[in-house]
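In: A predicted structure for the sequence below; I have some questions about it.
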Amino acid sequence: MKVKSANKEKISAAIHKMISDKNAVRSYLQGETSLNRLKEKGIKLAKPL
């Protein structure tokens, strides 16, 4: 049972991080956040071809 609860905790932590990253990228696209702020959080944007 400990394995299942540990996995649930890891999954929920990953989901919370994804949501906060998504909100940070949205605010960058709207011009509310700078690119340096995203780099501080460890978010890398893909370069267009």
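Out: Received the coordinates, thanks. Residues are numbered from 1 along each chain as shown.
In: what's the local residue count around Gly42?
Out: When neighbours are defined as other C-beta atoms under 10 Å, Gly42 has 8 of them. Quick note: C-beta positions are derived from backbone N, CA and C, even for glycine.
In: now it: how far from Ser20?
Out: The spacing between Gly42 and Ser20, counted by C-beta to C-beta, to the nearest Å, is 11 Å.
In: any idea which helix or strand carries Arg37?
Out: In the assignment (DSSP states H and E), Arg37 maps to helix 35-41.
In: show me what that helix is packed up against.
Out: With contacts defined as 3 or more C-beta pairs under 8 Å, 6 or more residues apart in numbering; DSSP states H and E, helix 35-41 has these neighbours: helix 2-29.
In: got the buried residues for the helix it packs on?
Out: Buried residues in helix 2-29, counted by 16 or more other C-beta atoms under 10 Å: Ala24, Tyr28.
In: distance from the chain centre to that helix, please.
Out: In terms of C-alpha atoms, centre = their mean, to the nearest Å, the centre of helix 2-29 is set 7 Å apart from its chain centre.
In: and for stretch 18-34?
Out: For stretch 18-34, the gap between its own C-alpha mean and the chain's C-alpha mean amounts to 9 Å (C-alpha atoms, centre = their mean).
In: got the buried residues for the helix holding Arg37?
Out: Across helix 35-41, burial judged by 16+ other C-beta under 10 Å covers Leu38.
In: which residues does the residue nearest the centre of the chain contact?
Out: Nearest to the mean C-alpha position of the chain, counting by C-alpha atoms, centre = their mean, stands Asp21 at 2.5 Å. Neighbouring residues of Asp21 by C-beta atoms under 8 Å, 6 or more residues apart in numbering: Lys41, Ile43.
In: ok, 10 Å please
Out: Residues in contact with Asp21 (C-beta atoms under 10 Å, 6 or more residues apart in numbering) are Leu38, Lys41, Gly42, Ile43.
In: tell me the pLDDT at Pro48?
Out: At Pro48, the model reports a pLDDT of 78.
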